[in-house]
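>>> let me see the structure of the following:
(4 chains)
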There are 2 protein chains.
Amino acid sequence: MPKQAPPRLDLTAAPCCAPLTQRRVPTETAAALAPAFKALGDPVRLQLMSMIASAEGGEACVCDLTPAFDLTGPTISHHLRVLREAGLVDAERRGTWVWYRARPGALRQLAALLAS
Amino acid sequence: MPKQAPPRLDLTAAPCCAPLTQRRVPTETAAALAPAFKALGDPVRLQLMSMIASAEGGEACVCDLTPAFDLTGPTISHHLRVLREAGLVDAERRGTWVWYRARPGALRQLAALLAS
DNA sequence: TCTCTGATTCGACGGATGTCGAGACAGGTA
DNA sequence: TACCTGTCTCGACATCCGTCGAATCAGAGA
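This is a model prediction of the structure:
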């Protein structure tokens, strides 16, 4: 869990969501959603996102995420932070461990933009 | 139009497409699709993609794209090349102008991955 | 309180990225 | 042929990004 709530994007606040293919995405919408796509634009983060979103109970522990990659703890922590700051996931510390869960609506909004 | 066909990703060749939220995305799939998300992870490219995909006739001329941004020609050309190499668009020169069109199936595949 | 473990932050490094100006290339047109 | 216009390539620059080791912080338990 971050020491203080990090500057987090609220994707649902984006001027929203007509499909990309329907009309030109306004500048503000592009600026609001591009960071989320950027966050998914790394293979490790794409897998992290998938592991979190598909985890049973809807949440995944960092202690399960880290050993799934050939990367150090700090690096995984960095990628999780990027996902957090992009508004894609939320983190919660419970006792010793930190749990991540997908932010409801975030993926849906991105999917809606790409939908035809 | 690129001088020679650039190394272009074939998104449809990616081990494909169960939603992110359903099961963990395999490493190869993540490696194949992350570049496409990365390409959309820039506000300018997101708008370019939208302008191309939503253009009437399904294609847009560079000569219409460039003046829509406060950027130089080379910079727009660079962004279009990134979209091309990510497998999201195709380019074709017809006479003086170069036309870009959305690559069918590319956006659909990304949307499918994000779908819940 | 002290110690141990899990997770984050910090600082550093090499490599990638966005932007531009200058120059090259492709097609029209005279 | 020569010239003009539209587009791309090249080289340079500052900035950002992915990764690591070391240090720090947060809880749990002795």
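
>>> what's the most centrally placed residue in chain A sitting at in phi/psi?
Closest residue to the average C-alpha location of chain A: residue A:88 at 2.4 Å, with CA atoms, centre = their mean. Main-chain torsions, residue A:88, degrees, to the nearest 10: phi -90, psi -30.

>>> mind listing what the closest residue to it other than its chain neighbours touches?
Once flanking residues are discounted, residue A:88 sits nearest to residue A:106: 5.0 Å by CB to CB, 6 or more residues apart in numbering or on different chains. (C-beta placed from N, C-alpha, C; glycine too.) The contact partners of residue A:106, taken as CB atoms under 8 Å, 6 or more residues apart in numbering or on different chains, are A:11-12, A:36, A:87-88.

>>> just the buried members of the residues you listed?
A:11, A:36, A:87-88 (16 or more other CB atoms under 10 Å in any protein chain shown).

>>> tell me which of those is nearest to DNA strand D?
residue A:36 (12.4 Å; CB to the nearest atom of the strand).

>>> and the nearest residue in space to that closest one that is not next to it in sequence, how far from DNA strand C?
Nearest non-adjacent residue to residue A:36, counting by CB to CB, 6+ apart: residue A:86, 4.8 Å away. Applying CB to the nearest atom of the strand, to the nearest Å, the value for residue A:86 to DNA strand C is 14 Å.

>>> got a pLDDT number for residue A:86?
Note for residue A:86: predicted pLDDT of 98.

>>> for residue A:4, same thing?
43.

>>> just checking, the residue nearest to residue A:36 touches residue A:41?
No - Residue A:86 sits out of contact with residue A:41 when judged by CB atoms under 8 Å, with a separation of 10.3 Å.

>>> so these two - more neighbours on which side?
More neighbours surround residue A:86 than the other of residue A:86 and residue A:41, with 24 against 21 (other CB atoms under 10 Å in any protein chain shown).

>>> what residues are up against the more buried one?
By CB under 8 Å, 6+ apart, the contact set of residue A:86 is A:9, A:35-36, A:38-39.

>>> which of these sits closest to residue B:100?
Ranked by distance to residue B:100 (CB to CB), the contacts of residue A:86 are led by residue A:38 at 21.5 Å.

>>> so how far is DNA strand C from the closest one?
In terms of CB to the nearest atom of the strand, residue A:38 sits 8 Å off from DNA strand C.

>>> for residue A:99, what are phi and psi?
Dihedral angles (degrees, to the nearest 10) for residue A:99: phi -110, psi 140.

>>> so what's the residue count around it?
Residue A:99, neighbours per other CB under 10 Å, totals 21.

>>> pLDDT value on it, please?
pLDDT, residue A:99: 98.

>>> mind checking which of the contacts of residue A:106 are in helices?
Using DSSP state H, the subset of these located in helices is residue A:36.
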